[in-house]
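Engineer: just the structure for this:
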Amino acid sequence: MTEQALCNAMRLHGGAVYRLALCRTQNVADAEDVYQDVFLRFFQQEAADWDSERTKAWLLRATVNRCADIHRFRLRRPVLALEDIAGAAPADDSAAELWDAVARLPEKLRTAVHLYYAEGYATEEIAALLGVPPATVRTRLRRARLKLKDLLGGNEDGE
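Structural biologist: Here you go, the predicted structure:
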């Protein structure tokens, strides 16, 4: 792969890779590590003839896999995040409550919400990225909405 192809992939898809990594890891430093690892692996791929969508799909799948690796590592060696120690508040107050609630969701639900709402993927595309049936993605999104409603104190009529 050429450096130009890597630069193009980073420019076009770097934001999506970073946001997904941050959503999955809930830690800026880990998200940055995942970003770097994913693009290093991409640079080693024979991907010169891939189109933009195949490249993006590969990058997001690699991101999910690398985040899973980090999660397994953290299960064996727990760490305390710096944000937990400092009690840092999010910079964007308008959406802080919602994203705080999303951050409290289980990882599978949080990932589905991020890919659907933040990245704009359809349920079929998310299913392909995560290697699960589309119905599973729809179930995860529904469960996430219900949990968010409970966490945020939504009313009974569904609005």
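
Engineer: need the strands for this structure, in chain order.
Structural biologist: For the chain, no strands are identified by DSSP state E.

Engineer: any idea how it splits into domains?
Structural biologist: 1-88, 90-159 (automatic domain parsing).

Engineer: same list (the ones you listed) but as a markdown table, adding mean neighbour count and mean pLDDT.
Structural biologist: For the C-beta atoms, the positions are set from N, CA and C on the backbone; glycine is no exception. Conversion of those to a markdown table gives the following (neighbours: other C-beta atoms under 10 Å; pLDDT from 0 to 100):
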| stretch | mean neighbour count | mean pLDDT |
| --- | --- | --- |
| domain 1-88 | 15 | 83 |
| domain 90-159 | 15 | 84 |
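
Engineer: excluding chain neighbours, what is closest to the spatially most central residue of the chain?
Structural biologist: Nearest residue to the geometric centre of the chain (C-alpha atoms, centre = their mean): Leu20, 2.3 Å. Counting by C-beta to C-beta, 6 or more residues apart in numbering, Leu20 lies nearest to Thr63, which is 5.0 Å off, once chain neighbours are set aside.
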